[in-house]
Structure formats: C-alpha cells, structure tokens
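Novice: Here's a sequence, model it:
(2 chains)
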Amino acid sequence: MRLRDRPARGRRAPLLLAAPALLTAGAVLLPLAYLAIRSATAGRDAWRILDATTARLVLDTCLLVGVVVAAALLVGVPLAWLVTRTDLPGRVWWAVAAALPLVIPSYVAALALLGALGPRGLLQGVLEGPLGVERLPEIYGLPGAVLALTLSTYPYIYLLTAAGLRELDPALEEAARGLGRTRWGVFRRVTLPALRPSVAAGSLLVALYVLSDFGAVSLMQYPALTRAIYLQYESLFDRDPAVVLALVLVALTALVLIAESRFRRRARYHRSTATAARPIQRVALGRWRWPALGFCAAVVGAFLVLPLGVLAYWTWEAVPLGRPVELAWRAALNSVLASAAAAAIAAAAALPVVFLSTRHPAWWTRLLERASFTANALPGIVIALALVFFGVRYAGPLYQTLALLVFAYVVRFLPQALAASGSALRTVSPRYEEAARGLGRSPFAAVALVTAPLARSGLLAGAALVFLSAMKELPATLLLRPIGFETLATEIWTATSIAAYSQAAPSAFLLIAISAPFVYLLVGRRGAELATPG
Amino acid sequence: MVKTITLGLALALAGSLAAVAAPATAQQPTLVVYSGRAESFVKPIFDEFTRQTGINVQVRHGDSAALAATLLEEGSRTPADVFFAQDAGALGALASKGRLAVLPHTTLNRVPQRFRAPGKRWVGTSARARVAVYNTNELRAGDLPASIWGYTAPRWKGKVGLPPTNASFEAMVTAMRMRAGDDRTRDWLLALKANDVKFYSGNTQVAAAVAAGEIQVGLVNHYYLYQLKEQRPTAPIANHFLTGRDPGALINIAGMGITTSSRRKAAALRLVNFMLSQPAQRFFARSPGRAEYPLAARARPRPGLPPLTRIEGAGVNLGALGPQLPRTLRLLSEVGYTR
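Specialist: Numbering: from 1, shown residues only, chains lettered A, B, ... in the order given. Model (predicted):
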C-alpha cells in the first residue's frame, strides 16, 4: 500500500457514468441558469447595487463564514475523535447527542438562543435576582449569528470527520506507533493529514450553509448577503438587484470551492483492506476523561439542551392557558416521506458525479463536481423561484406536486451527498475496482459490488445529511409544496410567524424526535459495533 | 446499498405518482388562493366561505413578498385565482405588472375610497394603524411623544425599537417623506439611529421585545398587541395611537386581488365579496387575538380602539405608496437601515 498514489489517468469515462452525472449536474445548475436568464434581461440600474455598501456586505459575509467555520472545526473535530477513538464513557450516547443539533432548524435555534441569552431572556432572569446582573453581553450581531450558525453547522464537520475516522485504516496509525512516534505525533503526522478530505468536505458544507442561511442572520440582525437578497425581494418592484446580489454570492461560493480544493490538495489516502480488519485501538483517556466529558457536556448542553430547554419552557408557559398540546402527525409523515425520497435520490445521483471526479479526473469531471456545489450557497428563495420559473413552464402537471418539491430538495442538498460520498470514495483505492474489472466484472458491477460497500459509511452519511436537511427546509417548501401539504417545518413557521412559540414547540420536538433515530442509525449503531468488537 | 437506493427510488417514484394523481376530482369549482396572511388568521373564514357557497378553497400560505415574487415568475401560467396580501405594496406591485384583473364597482364601492386601488385592481379587506406599543411597567401613555418626530429626543436613547425591513414600516417612512419631504425624513432617520434605536426582524419581534422590557417603545402595527396578549394575557404592553395628521399614524390595509389569468373569475369574485361581508368583517375585527379595522358592511372595530376616522392620520393615498416605495428603500439603504 502506498500512502499517496495517483489514480490511473487517460482512461475514458464510461458513458454509463457520464450520462447520469451530466444529468445530475444539469439539474443542480438550474438555479444558476435562472440567474443567468434574469441577469441578462436585468436593466442597467440593477447593477448599480454593486457599490461600496455591497462591498461591505461581502466583507461582513466573509467574516461570518470564516468565524463559523473556525468555531465549527474547534467543536466538531475533537468531538469526532473522542467518540470514535477513545474510551470516553457513554460514547455511543454522546455520539448521537452531539449530532442532534443538526435537526434543529437555524431559525428555531436563533429564536431559542434569543429566548435564553437575549436581553431580558431566561438567563438574565435567573442571574438578575441573586447576582444583580442587569445586562448580558450583546447577542445581536456577530456573536449571536456565530452562536446560532455554529449550533446548526458543527455537526457536518463532526459527522464527516467521525465517518472519516471510522474508514481510516488503523494499520496506518499502528505502523507509525511501531516506528516510535508519540501518540500526539501519530495524531498530527498520520491521523490529521488522513482526515483532510473529511474535514475539508465538512468545512465546505459549513461555509455553504452559512452563505445561504437566512433565518439566523435575520433574527440576529447580522448584515449578510442573504439578508440583503431577501430585502430586495421584499421590495418587489424590482427583482433584478436581488439577482445581481445572488450572482455576487455565487462568486463567493466559487472562492470557497477553490479554497477547499487547495486545502484538500490532490493527495489521496487509501486504506489497505476492505473493512477495518481489526478493531481500532482506543486511546485510554485516563484522568483526561474528566475534561473530555466536560467538553462534551458543554457542547451538548449549549447546543442541544439549551435550545430544547427553551422550547420546553415555551410549551410549559402555555399550560395555564389550557391549550391542548397537539402533535402534527400528518405533517410529520409528510416531512418523512418527502425527505426520505430526496435522500435516496440525492445519494444515488451523487454517486456517478463523485465517481467520475475521483476515478476519471479530467478538467471537465472536476468542473462537473465543483459546479454541483455552487447552487448550494444560494438562499432557499432563489432556488425556489428558479424552480418556480422552470417548473411552471416546462414541468407542466408536475408543478406544485410532491415530485417537484422532492426535486427541489435534491437540487438544494445534493452537495451534502456529494461531500460525504466524495470524502468516503477518496479513501477507497481504485485498485479494488481494477481487480474486480480484471476478474471480468463490468465497470458498473465493479462500482456497485466493490466500491459502494467499501464507502458505505460515507454514502449513508450523505443520504442522512440530505434527509435531515430536507426535514427542516422551509423557503422552497413554502413555495413548491402541493397546496395543503404541511410539513413540520411549515407548521413551525406558521406558529412562529404569529409569535405562537408555545404552538411551535411541540412541532419542533416532533421534528427532533423523528430525526433522532436516523442520527442514531448514522452514528450510534456503528459506534456500538465498534465498541464491542468480535 | 444499491438495494437501498433502488428501493428508495421506487418509493420516491411511487410517492410522486401518488401526489400527481391526487389533485382534486371534486365536482365543485375549486379556487386557489395565495395567502400572505397567516393560516390561523384566515382558515376559519375560508372554511365558512366553503360552507356557505360550496366552493372549495385551496390556500397556499407564505410570506406576502415571496408569494408576490412567485406570482410574477409564474406569470399567466399561475394556478392562483386570488392573491390575499398582507400589505398594499405587494398588491400594487402585481397590479403594476398587469397580473391583477379590474374589479367591478359593486365590489370596490363597498369600502371607503382610500382603501381601494386607484387602478381598481385590488380592494382592502381590513385595515391596520401604525402605533407606538409601549411597556406599561416602564411608561404611562402621557410619557409618550404626541408625534412620530418626537422619538429623537435624548430621553428615548436606546429605548425605541423598530423593524427596518418590514413593509409596514417602509410604508410609514414613505408617508413621512410625502408629508415632510425627503430631507426632514432623512434627518429623523439619522437622528433616531444616533439615538441608539434598536432594529428587529419584524413587528412580532419588536412587540415581544417591548413586552420583555428589552426596549420601552416599539413602532409597529396596532394588532400585534392583541396577537401577543392572546399568547401571553399578562404581557405588560399597551398601544399608543398617534392622532392629528401625523405620518406615524399611517393606515395600511390587507387586501385581495383576482389574477388576470384566473379561469374561475366568477367564483373568485364571490370570495372577494364574501371577505367584505358582515361575518368576515366581524371575524377580522373581533375574533380572539384579532383586532383589525373592518372596512365594509358597517362592521364595528373592537371596543377600545379609536375609530378610523379619528386617526385619519397621514392623509396619504395608499395607491401612491407603491410608486414611492423605491425612493423610500433607497433612502433607508443610504442611512444604513436596511443594508
């Protein structure tokens, strides 16, 4: 086995792969096509929005992206290592709990954080009495936006890094240990470099999420580009400036994508055997157990227990009013149906794209993969309006049906499947497929029977990420769902839009409760598997 | 894995087909309404309409601006028959792009002239007044300035909140511009900002911040008080109505228009007329948590609200607000309120 081996070059991409990959990329590029059409017809006035204020917006947006990615890395990577590679007490439990904030929509997270930490929030109420604290540090602006977005995004880095750690061949680290490296040395020289693809992919998802998020920046009043785009839509008389701002966002996305490629470089890391042939040697934490537990408790406390606590408080507040707590089962079923369909399709659609770019690297396959990411940083309303534009013209009877809604989810969240399966596939050596081909299998069978099972952890992670994101998607759902098709996200929106937080809370709980088992499937079961080898 | 994906695909396909096959096969005509008004606000009244007329109503709920943008993208292919908007601006935008049909006089004449479109393409169904909502633990009504211009005084430093990106607030600023000119309005906006005014994402958040004591006064629409009290009856807040011809007392509307491309215009018109009938007007004005001003059928507002005639206020034509909005937005952007 070599640590870095170059994939075979000069092999032509099989049509069987190229065709579906092109189809997928075409679908994902629809929002960009819409922006191109709209900006081509935009009046000259629309471009006047590119002034000093917009430049400031771009800087503020970059600052937010940078700080959130850094914060999410600081939280996500240590967590992933602790639950996969150490003897942390209760690690299966922590593994699931740490991933759960992923299912909290960012607007709910922001509302809950404001309820707890805002001026005159619950925390101040607690502190005011005994301690006489009259003013908490300002939460509006950068601090609040960073807090809410870190909550919503660190699980991407955590999950992908954990998946990467599980796929990582323990032989690498053992060899390094055998060569006399210290434990820290092994981590720094072997584990961390090998995790680059996963960490890079996770950071990419975080950056794209921050670029596209509207709920948190609007509630926390942070001047991000997305917020400016929404404001332009609110003024209505002219949609063109919004399109121009969206193009600025696309340009920023391109920069992020380039940065991620650079970071990942072109090194490739493969493992030696099909499955981890022996159980991972867990690091005994010893006395470090306590700070480690403290760290996990702080993360889960701040990002899961705190928002849930606020939701519970809102529900409890309504009890004296005698309102029955109603659970929206129908909406829950709708959410699961649409999200599961989107997850399955996205996972399937991502495979050819990722496979082409990792196994048949050429300028056009890489461009295809990179381009598929660009739409993900667009705010939901731009994607929704793009699909309204194309849907009503070319999809005919499918317009405003579940099929188009699922399609919208796939377009919006495909990059999550791409990132997860991409980082998984990069750890599988192409030699296995070549061996399968040599034994007379067709290229398709080689991928289906050899590669897919080897990378299954990443593929499943991708599907699960899409599922969880679709469960909480709002802007596209509102505009593209069949009329009367309620999802948990729309139920929460309906209640929060009239400040009925007590009615929003049960739906939010239901959303979290339904998503939790999927998170468990994603991390917990495999965690348990690894915890009890044999 | 492949099995899982195949199974998932099959399931998704089956689900999609089921959804395609689902659309109503009922004999009754079915109207499609795009509603920028919250579901809990309007569902009972749509149900009542169906009960009385046998006409089914399918409602797509969303944000007024997003739905208006959707209607513009859909153009003549829109499935919507009726647009029910949260403010005059969204209706005006659609009317100016030729997406709304002219309404008959018998419908328009049901409401006072200032609450219907000059071009006859939409009609107000209820009205809301701009007010100062204040915290009753901190202030009494007498403490508050009699005019919107008064909030730049040092006494209000850091104590006032507003939603700078909200359509109703923007309409109020337009009214200020039209009454007092751009320069005075710009000065006021800048002075308010220098006075440490607090920005929030919407009227609801402003009212909640006042109730929490985070700020003392909020510039919002009058009915947010009732909405908040419905959730938290003991919240310490009250409305302060501005009188005289103060632009801070602008009256805006929620209203309806029928799309140009609707193929069920007769049924759509019945719905619009129903919204202007006594039961609907009473519903908007008096049902729990609601306190809008009725505009037709001689329905009376909720007790305790000053009559609309007394807060004639800004004296600004609602139809003129639309064309003036771009300049208002430019001003708000210049002074750093919206970007």
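
Novice: Which positions in the stretch 201-339 of chain B make contact with chain A?
Specialist: When proximity is defined by C-beta under 8 Å from any C-beta of the partner chain, the stretch 201-339 of chain B lies next to chain A at B:201, B:204-205, B:207-209, B:212-214, B:224, B:227-228, B:231-233, B:322, B:325-326, B:329, B:333, B:338-339. The C-beta positions use only the backbone N, C-alpha and C, and glycine is treated the same way.

Novice: try 10 Å
Specialist: B:201-205, B:207-209, B:211-215, B:224, B:227-228, B:230-234, B:289, B:322-323, B:325-326, B:328-330, B:332-334, B:336, B:338-339 (C-beta under 10 Å from any C-beta of the partner chain).

Novice: which residues in chain B form helices?
Specialist: Listed in chain order, the helices of chain B (DSSP state H) span B:2-21, B:39-53, B:64-74, B:88-96, B:105-108, B:167-180, B:182-194, B:203-212, B:224-231, B:265-275, B:278-286, B:318-334.

Novice: And for the stretch 51-200 of chain A?
Specialist: Secondary structure of the stretch 51-200 of chain A (DSSP state H, counting those that start in this stretch): helices at A:52-85, A:91-99, A:106-117, A:122-131, A:142-167, A:170-178, A:183-186, A:192-212.

Novice: Please convert those helices to TSV, extending it with mean pLDDT, distance to B:R282 and mean neighbour count.
Specialist: Below are the helices of the stretch 51-200 of chain A laid out as TSV (pLDDT from 0 to 100; distance: least, C-beta to C-beta, whole Å; neighbours: other C-beta atoms under 10 Å in any protein chain shown):
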stretch	mean pLDDT	distance to B:R282	mean neighbour count
helix A:52-85	92	46	20
helix A:91-99	88	50	24
helix A:106-117	87	33	24
helix A:122-131	68	39	13
helix A:142-167	89	41	26
helix A:170-178	78	73	16
helix A:183-186	79	74	13
helix A:192-212	88	43	25
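
Novice: could you point out where chain A is predicted with low confidence?
Specialist: A:1-13, A:120, A:125, A:128-136, A:235-238, A:265-280, A:318-325, A:521-534 (pLDDT under 70).

Novice: do chain B as well
Specialist: Applying pLDDT under 70 to chain B flags residues B:1-28, B:312-314, B:339.

Novice: So which residue is smack in the middle of it?
Specialist: B:Q86 (2.7 Å; C-alpha atoms, centre = their mean).

Novice: Now do the same contact list for that residue.
Specialist: B:35-38, B:41, B:63-65, B:67-68, B:128, B:166-168, B:221, B:252-255 (C-beta atoms under 10 Å, 6 or more residues apart in numbering or on different chains).

Novice: A:Y222 belongs to a helix?
Specialist: No. A:Y222 is assigned coil when assessed by DSSP: H, G, I helix; E, B strand; the rest coil, not a helix.

Novice: Measure how buried it is and give me the count.
Specialist: Other residues near A:Y222 come to 24 when the count uses other C-beta atoms under 10 Å in any protein chain shown.

Novice: My guess is it contacts A:L149. True?
Specialist: Yes. Counting by C-beta atoms under 10 Å, A:Y222 does reach A:L149; the two are 9.2 Å apart.

Novice: where do the contact lists of the two overlap?
Specialist: A:64, A:213, A:216.

Novice: Show the contacting residues for the residue nearest to the second one when sequence neighbours are not counted.
Specialist: Once its chain neighbours are removed from consideration, A:D213 has its nearest residue in A:S106; the separation is 5.5 Å (C-beta to C-beta, 6 or more residues apart in numbering or on different chains). Residues counted as contacts of A:S106 (C-beta under 10 Å, 6+ apart) are A:145, A:148-149, A:151-153, A:209-210, A:213-220, A:472, A:474.

Novice: can we see that at 8 Å?
Specialist: A:148-149, A:151-152, A:213, A:215-216 (C-beta atoms under 8 Å, 6 or more residues apart in numbering or on different chains).

Novice: Give me the distance between it and A:V206.
Specialist: 12 Å (C-beta to C-beta, to the nearest Å).

Novice: partner residues bridging the closest residue to B:Y151 other than its chain neighbours?
Specialist: In this structure, B:Y151 finds its nearest non-sequential neighbour in B:V160, 5.3 Å apart by C-beta to C-beta, 6+ apart. Assessed by DSSP bridges, B:V160 has beta-bridge partners B:V217.

Novice: what about B:V160, how many neighbours?
Specialist: Based on other C-beta under 10 Å, the number of other residues close to B:V160 is 22.

Novice: can I assume it is in contact with B:K198?
Specialist: Yes. With contact defined as C-beta atoms under 8 Å, B:V160 and B:K198 form a contacting pair (7.0 Å).

Novice: and for those two, which residues touch both?
Specialist: When contacts are counted by C-beta under 8 Å, 6+ apart, B:V160 and B:K198 have B:I215 as shared neighbours.

Novice: Next up, the contacts around A:P101.
Specialist: A:109, A:151-152, A:154-155, A:303-304, A:307.

Novice: Can you tell me which of the residues you listed is nearest A:A46?
Specialist: A:S152 (31.5 Å; C-beta to C-beta).

Novice: Give me the nearest residue to the closest one, chain neighbours excluded.
Specialist: Per C-beta to C-beta, 6+ apart, closest to A:S152 is A:S106, 4.3 Å.

Novice: just to revisit the earlier point, could you point out which of the helices of the stretch 51-200 of chain A sits nearest B:W149?
Specialist: Between those, helix A:52-85 lies closest to B:W149; by C-beta to C-beta that is 26.8 Å.

Novice: which helices and strands does that closest one pack with?
Specialist: helix A:91-99, helix A:142-167, helix A:192-212, helix A:225-235, helix A:240-264, helix A:289-300, helix A:525-531 (3 or more C-beta pairs under 8 Å, 6 or more residues apart in numbering or on different chains; DSSP states H and E).

Novice: How far away from the center of its chain is the longest strand along chain B?
Specialist: Assignment by DSSP state E gives strand B:123-135 as the longest strand of chain B. In this view, strand B:123-135 has its centroid 9 Å away from the chain centroid, taken as C-alpha atoms, centre = their mean, to the nearest Å.

Novice: Helix B:278-286 and that one, what's the angle between them?
Specialist: 20 degrees (axes from the mean of the first three to the mean of the last three C-alpha atoms, to 10 degrees).

Novice: ok, strand B:123-135 near chain A or not?
Specialist: No. Strand B:123-135 lies out of reach of chain A by C-beta under 8 Å from any C-beta, never closer than 10.4 Å.

Novice: From the contact counts, what lies against that strand?
Specialist: Applying 3+ C-beta pairs under 8 Å, 6+ apart, one finds that strand B:123-135 contacts helix B:167-180, helix B:203-212, strand B:217-221, helix B:224-231, strand B:237-241, strand B:251-258, helix B:278-286, strand B:293-294.

Novice: Out of those, which gets nearest to A:V126?
Specialist: Among the helices and strands packed on strand B:123-135, helix B:203-212 comes nearest to A:V126, with 14.4 Å by C-beta to C-beta.
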